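>>> Whatever this is, show me its structure:
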Amino acid sequence: MKMLSQILLVFTAGISVLSCNNQQSAGHQTSAKSDTSIEREAAIKEDSVNYKVGNTEMKGYVSYNENQEGKRPIVLVVPEWWGLNDYPRMRAKLLAEMGYLAMAVDMYGDGKLANNPQEAQQLAGPFFQDPQLAKTRLDAALARIKTYPQSDTSKVAAIGYCFGGAVVLNAAKLGADLDGVVSFHGALQGVPAKKELLKAKVLVCHGGADSFVPQKDVDAFNKNMESIGADYTFKVYQGATHAFTNPAATETGKKFNMPIAYNPAADSASWNDMKVFLAKVFEQ
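Have a look, this model is predicted:
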């Protein structure tokens, strides 16, 4: 219980400014649209890419369909606070199968991974405290993937999970050059949205039983977004806890005494909502 209290404190204290059936809440509804069509059978290629931010070596992963012709929209994938492990890489591959050029982003540098919540707190802490630092890392990843000949640099989105969800939301609110962002079970505290900076459309996929994100944060987020007339959608998946999209969440929750669990129904519903959202964002 002591560890659980520490983890809850991380998410609810000042450092949690950024961290880590289907009900429509505030915002605008999206309309259904079919997935990007791909004429040939997918042959997914995954590239390990290195680039620098200052003196820090970054190690990201880019996924795309080798059999697909022409340029394609870019989607960045920002991991949970555990770092760039297999989970965000899997999501990038799924996006590549949909016809996107996807990049799983290394936020910490040197491919660092956290093996427990204490290590994750140490790695994520600087980004919680400095949202601009997180945006700088995201901007660098975007600049790197734009060098790919397959990239349609006029169409860019970012999705993120837990810590990553908060990162993409705050980057968008800080004026990142993104057409759309999707947060999956991300924290909702952070920098306030300003009409003159927020250019991206926003989709928030939130677990109705997420004890890390209190209702007051949900209310404050919606109030802020509505006050500037933001183009956003807020989806609530009833019964879903924090980290509901990650199949490993239940085991991780038991291991570290954290109130997280995988929810297959919410995972499927939120992924489908993201598909519709991205299709609409990139339809222009």
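
>>> Going along the chain, name the helices of the stretch 151-284 of the chain.
Secondary structure of the stretch 151-284 of the chain (DSSP state H, counting those that start in this stretch): helices located at 163-173, 215-227, 249-256, 264-281.

>>> Can I get those helices in a markdown table including distance to Pro79 and mean neighbour count?
(Each C-beta comes from the backbone N, C-alpha and C, glycine too.) Shown next, in a markdown table, are the helices of the stretch 151-284 of the chain (distance: least, C-beta to C-beta, whole Å; neighbours: other C-beta atoms under 10 Å):
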| stretch | distance to Pro79 | mean neighbour count |
| --- | --- | --- |
| helix 163-173 | 5 | 30 |
| helix 215-227 | 21 | 15 |
| helix 249-256 | 13 | 16 |
| helix 264-281 | 16 | 19 |
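
>>> Export the ones you listed as JSON lines, with columns for mean pLDDT and distance to Lys135.
JSON lines is the format used below for the helices of the stretch 151-284 of the chain (pLDDT from 0 to 100; distance: least, C-beta to C-beta, whole Å):
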{"stretch": "helix 163-173", "mean pLDDT": "97", "distance to Lys135": "4"}
{"stretch": "helix 215-227", "mean pLDDT": "97", "distance to Lys135": "18"}
{"stretch": "helix 249-256", "mean pLDDT": "98", "distance to Lys135": "27"}
{"stretch": "helix 264-281", "mean pLDDT": "98", "distance to Lys135": "19"}
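
>>> Distance check, the nearest residue to Ala141 once chain neighbours are set aside against Val53.
Spatial nearest neighbour of Ala141, excluding adjacent residues (C-beta to C-beta, 6 or more residues apart in numbering): Val105 at 4.4 Å. Val105 is 11 Å from Val53, where distance means C-beta to C-beta, to the nearest Å.

>>> higher neighbour count, the two?
Applying other C-beta atoms under 10 Å to Val105 and Val53 shows that Val105 carries more neighbours, namely 28 against 17.

>>> wait, that one sits on Ile74?
No: counting by C-beta atoms under 8 Å, Val105 does not reach Ile74; the two are 11.6 Å apart.

>>> Any idea what the residue most central in space within the chain is bridged to?
Central residue of the chain (C-alpha atoms, centre = their mean): Gly160, 0.7 Å from the mean position. For Gly160, the beta-bridge partners under DSSP bridges are Val78, Ser183.

>>> so who does it touch?
77-79, 166-169, 181-184, 186 (C-beta atoms under 8 Å, 6 or more residues apart in numbering).

>>> Nearest to Lys146, out of those: which one, please.
Set against Lys146, the nearest of the contacts of Gly160 by C-beta to C-beta is Val77 (15.6 Å).
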